[in-house]
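> The amino acid sequence is not available; the structure is as follows:
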């Protein structure tokens, strides 16, 4: 059983985000990138499955600054192999990622592909359905638990309003993980450093970026401030009178 996990780095939303001078992309010069939270859950779910059955966990990611440490951390957590696809991904989005990674995934022939259900920099849909389409495999998203039974995956899918459904899908398949069955495990920095000395990241070079199907970004801009909220002061009765006056002025009363 081969389980492949697709991982990508995304902007840390704690950082201040600024727009490039071209007005069409983010300035990543000083932007800190971290592993996509949902991808981390997909990795954890893959390792949990490995601990239950005889499985090989393969992690694959585009070559972005800082990805080596993320891949070594995945190996320290329990992944068996890490693959880094090298090339120019400066303008990449999920369509181009799916185009680029499909041929390499087809060579690996995994029984199961796990991705994060979404990412904070998705502007053209999540990566899972795109990979499934290019690989001609079924896809189920928003998974919060799963087991493997013979040649099927039995998954727990979440819907709005707290509704859950149990589904089964024949393998090979692509699953979008919303939450692993337990929080992503922590590994000590010392263990990651040790893995760096003994493990190797396999590099596969990618030449041509296929942007077909991708949206075109014409302009990016910060939300513009128009008016600020009006703060009322006084005792409760005075504030109530002010609110009634505003509602009357707006034609609500």
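Yep, that arrived. Given the structure is predicted, the values throughout are model-derived calculations rather than measurements.
> Give me the neighbour count for residue 177.
Using other Cβ atoms under 10 Å, residue 177 has 28 other residues around it. In this view, the C-beta of every residue, glycine as well, is placed from N, C-alpha and C.
> residues in contact with it?
38, 41, 42, 45, 114, 115, 116, 117, 143 (Cβ atoms under 8 Å, 6 or more residues apart in numbering).
> Can you convert the residues you listed into JSON lines and add a column each for secondary structure, neighbour count and pLDDT?
Output for the contacts of residue 177, formatted as JSON lines (DSSP: H, G, I helix; E, B strand; the rest coil; neighbours: other Cβ atoms under 10 Å; pLDDT from 0 to 100):
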{"residue": "38", "secondary structure": "helix", "neighbour count": "22", "pLDDT": "97"}
{"residue": "41", "secondary structure": "helix", "neighbour count": "23", "pLDDT": "97"}
{"residue": "42", "secondary structure": "helix", "neighbour count": "29", "pLDDT": "98"}
{"residue": "45", "secondary structure": "helix", "neighbour count": "26", "pLDDT": "97"}
{"residue": "114", "secondary structure": "strand", "neighbour count": "30", "pLDDT": "98"}
{"residue": "115", "secondary structure": "strand", "neighbour count": "29", "pLDDT": "97"}
{"residue": "116", "secondary structure": "strand", "neighbour count": "27", "pLDDT": "96"}
{"residue": "117", "secondary structure": "coil", "neighbour count": "23", "pLDDT": "95"}
{"residue": "143", "secondary structure": "strand", "neighbour count": "24", "pLDDT": "95"}
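> okay, these in TSV with distance to residue 180 next?
TSV is the format used below for those (distance: Cβ to Cβ, whole Å):
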residue	distance to residue 180
38	10
41	4
42	7
45	4
114	9
115	13
116	10
117	11
143	9
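> Just after whichever strand or helix holds residue 168, pick out the following helix or strand.
Residue 168 belongs to strand 163-170 when elements are defined using DSSP states H and E. Per DSSP H and E, the first helix or strand lying C-terminal to strand 163-170 is strand 173-177.
> now for the very next helix or strand once past that next one, which elements pack on it?
Once strand 173-177 ends, the next helix or strand along the chain (criterion: DSSP H and E) is helix 189-198. Contacts defined by 3 or more Cβ pairs under 8 Å, 6 or more residues apart in numbering; DSSP states H and E place helix 189-198 against helix 67-77.
> Please enumerate residues in contact with the helix it packs on?
5, 7, 9, 35, 43-44, 47, 59, 61, 82, 84, 184-185, 187, 191-192, 194-196, 199, 201.
> Now that we have these, which of them are buried?
Buried members of the contacts of helix 67-77, counted by 16 or more other Cβ atoms under 10 Å: 5, 7, 9, 35, 43-44, 47, 59, 61, 82, 84, 184, 187, 192, 195-196, 199, 201.
> Phi and psi next, for residue 63.
phi -80, psi 100 (degrees, to the nearest 10).
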